[in-house]
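J.: what follows is a predicted protein model with its sequence.
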Amino acid sequence: MNTASQQKLHQSRSIERLIEGVATSDGAGVSLTRVLTGKLQRRLDPFLMLDAFGSDDPDDYIAGFPDHPHRGFETITYMLAGRMRHRDSAGHEGLLQNGGVQWMTAGRGAIHSEIPEQEDGTMEGFQLWLNLPAKNKMAAPWYKDFPSESIPEYVTPEDVTVRVIAGNSNGVAGAMSREVTEPLYLDIHMPAGSTFATALPATHNAFIYVYRGAVKVGDMLVESKRMGILGNTPDADGVMLTAPHDARLILVAGKPLNEPIVQYGPFVMNTQEEIHQALEDYRNGRLA
């Protein structure tokens, strides 16, 4: 594990708005909290959705997510605890385990399933949807599994542990990068009384989601199971967090595409005609 000093910020972003997730279910009845909903897609462009799932009751997750299609975006699944088996229509198969990440580009089309490979214990994690630019929406589907040990980590002088899933933080490059949307995805573990700072490009939309404890951004407290949308202050060059008690959170940022967003369930395109084509392709077995 690396050590890294924190970049000194000129000005931290502040919390623009707090969001409480909506309890729902998806797949074959998996209980989850939808944190980033369709109403926030424009504000948090290029991100389309964030689901947080976490339960030690198998009834909440055991049926998983049977075969379902996607087109036009990327899914990033981060497993904090539990085991999930992935299979797709291209013949790929993988096992996502504690601390691991799966990054899937649906592109022109993928049909896949995500089924828990456990009968008891805790299942916890996140699925984030990242939009694709119009020029890449019909690209060939692709995916990669990253086991926990391949996710770069660093520790700050205040013993904050940072897992860099995507992007670059305090000089540490993450497991993934994307040229157009330039996503940053950090999992941050903060001991009580610590502070943490990282740079954020002024061009990027950004948010935090606290999943243990609580953190402060300036004078604003963001409690567990809350999203804090970070304001796009032109003069701010990053974000500073403080933890009154032990806390864990994810920090996500990305460069907006500023393109039309037309969504119908698991398809996200730029026009209604493209959605109609996706549905026709799916019904006629042309979705890979």
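T.: Done, it's in. This is a predicted model, so every value here is computed, not measured.
J.: for the host helix or strand of residue 279, packing partners?
T.: For residue 279, the host element (DSSP states H and E) is helix 272-283. Packing partners of helix 272-283 (3 or more Cβ pairs under 8 Å, 6 or more residues apart in numbering; DSSP states H and E): strand 262-264, strand 267-269. Yep, even glycine has a C-beta here, placed from its N, CA and C like the rest.
J.: what comes up buried for it?
T.: 274, 275, 277, 278, 279, 281, 282 (16 or more other Cβ atoms under 10 Å).
J.: which residues does it contact?
T.: 69, 71, 72, 109, 137, 262, 263, 264, 267, 269, 286, 287 (Cβ atoms under 8 Å, 6 or more residues apart in numbering).
J.: contacting residues around the closest residue to the fourth one other than its chain neighbours?
T.: The reference is to residue 109. Of all residues not flanking residue 109 in the chain, residue 287 sits nearest, at 3.7 Å (Cβ to Cβ, 6 or more residues apart in numbering). Neighbouring residues of residue 287 by Cβ under 8 Å, 6+ apart: 69, 71, 89, 108, 109, 110, 111, 278, 281.
J.: do residue 209 as well
T.: Residues counted as contacts of residue 209 (Cβ under 8 Å, 6+ apart) are 35, 50, 52, 126, 226, 227, 228, 249, 250, 252.
J.: tell me which element it falls in.
T.: Assigning secondary structure by DSSP H and E places residue 209 in strand 205-212.
J.: now do that strand: distance to the chain's middle.
T.: 10 Å (Cα atoms, centre = their mean, to the nearest Å).
J.: next helix or strand past it?
T.: strand 214-217.
J.: give me the residues contacting that following strand.
T.: Contacts of strand 214-217 (Cβ under 8 Å, 6+ apart): 12-15, 190, 208, 221-224, 228, 230, 239-245, 247, 249.
J.: and those residues, which of them are buried?
T.: Among these, the ones that count as buried by 16+ other Cβ under 10 Å are 12-15, 190, 208, 221-222, 228, 230, 239-243, 247, 249.
J.: circling back: of all pairs in the contacts of residue 287, which one is the farthest apart?
T.: Taking Cβ to Cβ, the two most distant members of the contacts of residue 287 are 89 and 278; they sit 14.7 Å apart.
J.: which residue packs closest to residue 105, ignoring adjacent ones?
T.: Distances taken as Cβ to Cβ, 6+ apart place residue 142 nearest to residue 105, at 4.4 Å, with adjacent residues excluded.
J.: pull the number of nearby residues for the one you found.
T.: The local packing of residue 142 (other Cβ atoms under 10 Å) involves 14 other residues.
J.: check what pLDDT it gets.
T.: For residue 142, the pLDDT comes out at 91.
J.: so residue 170 sits against residue 198, correct?
T.: Yes - in this structure, residue 170 is within contact of residue 198 by Cβ atoms under 8 Å, at 5.8 Å.
J.: neighbour-wise, which of the two wins?
T.: A direct count of neighbours by other Cβ under 10 Å for residue 170 and residue 198 places residue 198 higher, at 25 against 20.
J.: hey, what's the more buried one bridged with?
T.: For residue 198, the beta-bridge partners are residue 239 (DSSP bridges).
J.: ok, it to residue 21 distance?
T.: 24 Å (Cβ to Cβ, to the nearest Å).
J.: which strand or helix spans the residue positioned nearest the centre of the chain?
T.: With distances taken as Cα atoms, centre = their mean, the residue of the chain nearest its centroid is residue 128 (3.3 Å). Using DSSP H and E, residue 128 sits within strand 123-131.
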